[in-house]
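S.K.: this is the structure alone, sequence omitted:
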DNA sequence: GCGGGAGATAGAACGTGTTCCTATCATGGC
DNA sequence: GCCATGATAGGAACACGTTCTATCTCCCGC
């Protein structure tokens, strides 16, 4: 039997297993931060996490699963941080969304190699990583719709979701362009801001 | 000396070289159409194009360059086809842009494996492929701004370019989602259409 | 205590992208 | 015609993702 999705942290029985899981993601994060996508080599991750190569593959069925799982963990942290921040500054939806995007983007730009590794993994992922990808998309959409309507309890409308998804699309493309050196950080920010103001003129 | 960009067709001296170049791209196209990204194996491409492996690498410095160059060729064909089509149907910019996008998308969906190969290569490309990537972006933006303002001779405004780029971003994300099985062809089309009507309400 | 089984380890082995090397070939200048 | 030089063929070699095998360890039910 070969699993096709990564084991999630909660469905791991023993404490030792949860700890291995965490060590693997920590090692991935660290290697990616230092050397980007190419430096995240499966043997290196296994070494640094102090597990055998076979064990690494038991927890994460491929390098892409591994990196996208690391991305999920980062996004969960980031989304939780925004949820705790009960006042997103800005008077209009456009301003608040721009704030959320720019802050997230700046966070990513602080660790270019890490961002490169996570972004490329995300973009290269195929159907077998669909579960993890969906989680990322869901978290991002949630962050954006919350910024559009702070404090609202009713679920977002279809229009809101579409707008959030379009902004997410633009953001991802901008990230890819930045990661691959096709645009500077400033251009990325400017394009994002123009796109948001086009989509959220109210 | 190792080149970092692919040799473009025009800067190849002899007819024999231009022919090798074409044979290589033809083989790439064929293999991708039949088996997708994984089937485009460098040894297989070299065999089918009837060149040595070393020659293949002299023309295209990596598998990604190779696939993105194939994408450039397809896009050039497609853009030329739209330019010849002097009347794009539709009364509004939104309708015309939607027409162009849907027709292109349907063309891609006719060869899912080819699309998967080209899309994943495009998304995985790193800085060394920037030249080719820029060409694709330029062609796509040109196609879209032309659809927005058919028959216009003055260059597109900044706003036009931004809108075209955002639509391009959404289109690419939708393509990735479709290629990786996260969304169906119908959902892809619907999302695209919603995005265009949000961006081009006039 | 103890035997059995799931999960872990160490490391060999395999496939494919990439590099490198050498012999051969083609071509343009004399 | 002949030579110098760069391009191509053919194939070995290497790196890293992935798979496989053999062995070990630890925990659970008895």
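M.R.: Everything's here; your move. Just so we're clear, the structure is a prediction, and the values are computed from it rather than from any experiment.

S.K.: stretch A:53-72: end-to-end distance?
M.R.: Using Cα to Cα, to the nearest Å, one end of stretch A:53-72 lies 22 Å from the other.

S.K.: report the distance from that stretch to the chain centre.
M.R.: Stretch A:53-72 sits 15 Å away from the centroid of its parent chain (Cα atoms, centre = their mean, to the nearest Å).

S.K.: got the buried residues for that stretch?
M.R.: Buried residues in stretch A:53-72, counted by 16 or more other Cβ atoms under 10 Å in any protein chain shown: A:56-57, A:59-72. Quick note: C-beta positions are derived from backbone N, CA and C, even for glycine.

S.K.: same question, stretch A:103-112
M.R.: For stretch A:103-112, burial by neighbour count (16+ other Cβ under 10 Å) applies to A:104-105, A:108, A:111.

S.K.: what does that stretch contact?
M.R.: Residues from elsewhere that reach stretch A:103-112 (Cβ atoms under 8 Å, 6 or more residues apart in numbering or on different chains): A:33, A:36, A:78, A:114-115, A:143, A:171, A:174-175, A:178-179, A:185, A:188-189, A:192.

S.K.: kindly report the same for stretch A:113-129.
M.R.: A:4-5, A:29, A:32-37, A:39-40, A:61-68, A:70-71, A:74, A:108-109, A:132-133, A:136, A:172, A:175-176, A:179, B:120, B:123-124, B:126, B:176, B:180-182.

S.K.: next one: stretch A:135-153
M.R.: Outside stretch A:135-153, the residues touching it (Cβ under 8 Å, 6+ apart) are A:68, A:71-72, A:75-76, A:78-79, A:82-83, A:87-88, A:93, A:96-97, A:99-101, A:104, A:122, A:156, A:160-161, A:163-165, A:167-168, A:171, A:200.

S.K.: just the buried residues from the contacts of stretch A:103-112, in ChimeraX please.
M.R.: A single ChimeraX command selects the buried members of the contacts of stretch A:103-112 (16+ other Cβ under 10 Å):
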select /A:33,36,78,114,115,143,171,174,175,178,179,188,189,192
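
S.K.: identify, from the contacts of stretch A:103-112, the entry nearest to DNA strand D.
M.R.: Checking the contacts of stretch A:103-112 against DNA strand D with Cβ to the nearest atom of the strand, the nearest one is residue A:36 at 11.2 Å.

S.K.: residues contacting the closest one?
M.R.: Residues in contact with residue A:36, defined by Cβ under 8 Å, 6+ apart, are A:112-114, A:116-117.

S.K.: quick check: it vs residue A:64, distance?
M.R.: Residue A:36 sits 15 Å away from residue A:64, taking Cβ to Cβ, to the nearest Å as the criterion.

S.K.: list the buried residues for the lengthiest helix in chain A?
M.R.: Across chain A, the longest stretch assigned as helix under DSSP state H is helix A:15-39. For helix A:15-39, the neighbour count (16+ other Cβ under 10 Å) marks A:17, A:20-21, A:23-25, A:27-33, A:35-37 as buried.

S.K.: the domain parsing of chain A - what is it?
M.R.: Here the domain parsing of chain A from automatic domain parsing is A:9-59, A:63-199.

S.K.: mean pLDDT for those - can I get that in TSV?
M.R.: Shown next, in TSV, are these (pLDDT from 0 to 100):
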stretch	mean pLDDT
domain A:9-59	93
domain A:63-199	93
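
S.K.: so which of those comes closest to DNA strand C?
M.R.: For DNA strand C, the closest of those is domain A:9-59, at 3.2 Å, according to Cβ to the nearest atom of the strand.

S.K.: what's the offset of the closest one from the middle of its chain?
M.R.: Distance, stretch centre to chain centre, for domain A:9-59: 18 Å (Cα atoms, centre = their mean).

S.K.: so is that domain next to DNA strand D?
M.R.: Yes: Domain A:9-59 lies within reach of DNA strand D by Cβ under 7 Å from any atom of the strand, at A:14, A:16, A:38, A:40-43, A:53-54, A:57.

S.K.: filter the contacts of stretch A:135-153 down to just the buried residues.
M.R.: Buried among the contacts of stretch A:135-153 by 16+ other Cβ under 10 Å: A:68, A:71-72, A:75, A:78-79, A:82, A:88, A:93, A:96-97, A:99-101, A:104, A:122, A:156, A:160, A:163-165, A:167-168, A:171, A:200.

S.K.: could you look up the SS state of residue A:151?
M.R.: Recorded secondary structure, residue A:151: coil (DSSP: H, G, I helix; E, B strand; the rest coil).

S.K.: quick check: the gap between it and residue B:74.
M.R.: Distance from residue A:151 to residue B:74, counting by Cβ to Cβ: 48 Å.
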